[in-house]
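Novice: can't give you the sequence, but here's the structure:
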């Protein structure tokens, strides 16, 4: 086709517009609910569960991730009463942490069956294995056995319409026999069954790049813990936006990661209720509509 000045200008304008769109798009705020991992307020919840849940809603959070499930109770309440408390405060809980030690390490399926019933009653779409004790992660074989049980558990949760996921800390990235636990879990769990909750702080603390991990395993991280690291050598927890983690860049990868929900978390704070407000204020100002 003959190139005319008119065609050249027209093509250039289209290309320029496309370039500007692709350049500007990542910096736009996204429309997304903001969640809180309730572990952040664990001590306060023990003293005044209804009041603290109300404070979470008043701070502007839409969702919470539960953590204190025990003996078929959530945070000491019956599932029905806890559900009612959330509804009263216009909060939803799409995800919960479930230790499942009897199921994972003793082969007792009933523990998971009961937990699935309760998670479903809470309206949760994700059940997350949150932590491994030292003896449960002592070598690569331990991670391989865990991967097998996660696959079995994920088959069971899938039948109930719930997604099984695993939450990382830093120890999964410890080098073992030329590999590490995180690689084993990512590679030996069925990607169509088992997903992951990326704790962005712990990935960073382990010296890894969250963005590279998301790109290497696209779609495997539907849940995130948004947790910042302070600027000291100790790499302590801090409010989101007050530390060294570049959440603006990380949130650009939300589609690649497959992110569906994220939860603010701060493991240690001298004033947790103030901290969760500081974090959500930063997110709303910089990242979330």
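Specialist: Yep, that arrived. Remember, it's a predicted structure, so these values are computed and weren't measured experimentally.
Novice: where are the low-confidence patches of this structure?
Specialist: Residues of the chain that meet the criterion pLDDT under 70 lie in 1-27.
Novice: Quick check: the most centrally placed residue in it vs residue 175, distance?
Specialist: Nearest residue to the geometric centre of the chain (C-alpha atoms, centre = their mean): residue 224, 2.5 Å. Between residue 224 and residue 175 the distance, using C-beta to C-beta, to the nearest Å, works out to 25 Å. No exception for glycine: its C-beta is placed from N, CA and C like everyone else's.
Novice: buried sites along stretch 218-237?
Specialist: Neighbour-count burial for stretch 218-237, with 16 or more other C-beta atoms under 10 Å as criterion, is recorded at 220-229, 237.
Novice: same check, this time on stretch 71-83
Specialist: Of the residues in stretch 71-83, 74-75, 79, 82-83 count as buried by neighbour count, 16+ other C-beta under 10 Å.
Novice: Quick check: the two most widely separated of the residues you listed?
Specialist: Pairwise distances among these were taken by C-beta to C-beta; the largest, 11.4 Å, belongs to 75 and 83.
Novice: re the thing from before, now, the buried residues of stretch 71-83 that are in helices?
Specialist: In this view, the buried residues of stretch 71-83 that belong to helices under DSSP state H are 79, 82-83.
Novice: Next up, the contacts around residue 219.
Specialist: Listed by C-beta atoms under 8 Å, 6 or more residues apart in numbering, the contact partners of residue 219 are 191, 256-258.
Novice: do that again at 6 Å, thanks
Specialist: The neighbourhood of residue 219, defined by C-beta atoms under 6 Å, 6 or more residues apart in numbering, consists of residue 258.
Novice: Summarise which helices and strands the helix or strand residue 255 falls within is packed against.
Specialist: Under DSSP states H and E, the secondary-structure element containing residue 255 is helix 254-257. In terms of contacts (3 or more C-beta pairs under 6 Å, 6 or more residues apart in numbering; DSSP states H and E), helix 254-257 is packed against helix 210-216.
Novice: Residue 150 - how many residues pack around it?
Specialist: 23 (other C-beta atoms under 10 Å).
Novice: Please look at it and residue 193 and confirm they touch.
Specialist: No: in this structure, residue 150 sits apart from residue 193 without contact. The criterion is C-beta atoms under 6 Å, and the distance is 8.1 Å.
Novice: In this protein, mark out all the helices, start to finish.
Specialist: When assigned using DSSP H, the helices of the chain occupy the ranges 5-24, 42-47, 49-59, 79-88, 101-106, 109-121, 140-159, 181-188, 200-205, 210-216, 247-251, 254-257, 272-286.
Novice: of all those, which gets the most neighbours per residue?
Specialist: Using mean count of other C-beta atoms under 10 Å, the stretch among the helices of the chain with the greatest mean number of neighbours is helix 200-205 (a mean of 22).
Novice: For it, name the packing helices and strands.
Specialist: Using 3+ C-beta pairs under 6 Å, 6+ apart as the test, helix 200-205 ends up in contact with no other helix or strand.
Novice: any residues touching it, and which ones?
Specialist: Applying C-beta under 6 Å, 6+ apart, the set of residues contacting helix 200-205 is 168-170, 210, 227, 229, 235, 245.
Novice: same deal with stretch 88-101?
Specialist: Applying C-beta under 6 Å, 6+ apart, the set of residues contacting stretch 88-101 from outside is 53-54, 57, 63-67, 69, 112, 115, 119, 122, 124-130, 223, 261.
Novice: Can you pick out the ones from the residues you listed that are in strands?
Specialist: With strands identified by DSSP state E, the entries of the contacts of stretch 88-101 that belong to them are 63-66, 69, 126-129, 223, 261.
Novice: and residue 278, what does it touch?
Specialist: With contacts defined as C-beta under 6 Å, 6+ apart, the neighbours of residue 278 are residue 239.
Novice: Repeat that for the one 5 residues further on.
Specialist: Applying C-beta under 6 Å, 6+ apart, one finds that residue 283 lies in contact with residue 34.
Novice: do you know how far residue 68 is from residue 289?
Specialist: Distance from residue 68 to residue 289, counting by C-beta to C-beta: 31 Å.
Novice: who's more crowded, these two?
Specialist: residue 68 (18 against 8).
Novice: Near the residue nearest to residue 95 when sequence neighbours are not counted, how many other residues are there?
Specialist: When the adjacent residues along the chain are set aside, residue 95 lies closest to residue 126, with 3.9 Å between them (C-beta to C-beta, 6 or more residues apart in numbering). The burial metric for residue 126, expressed as a neighbour count using other C-beta under 10 Å, is 23.
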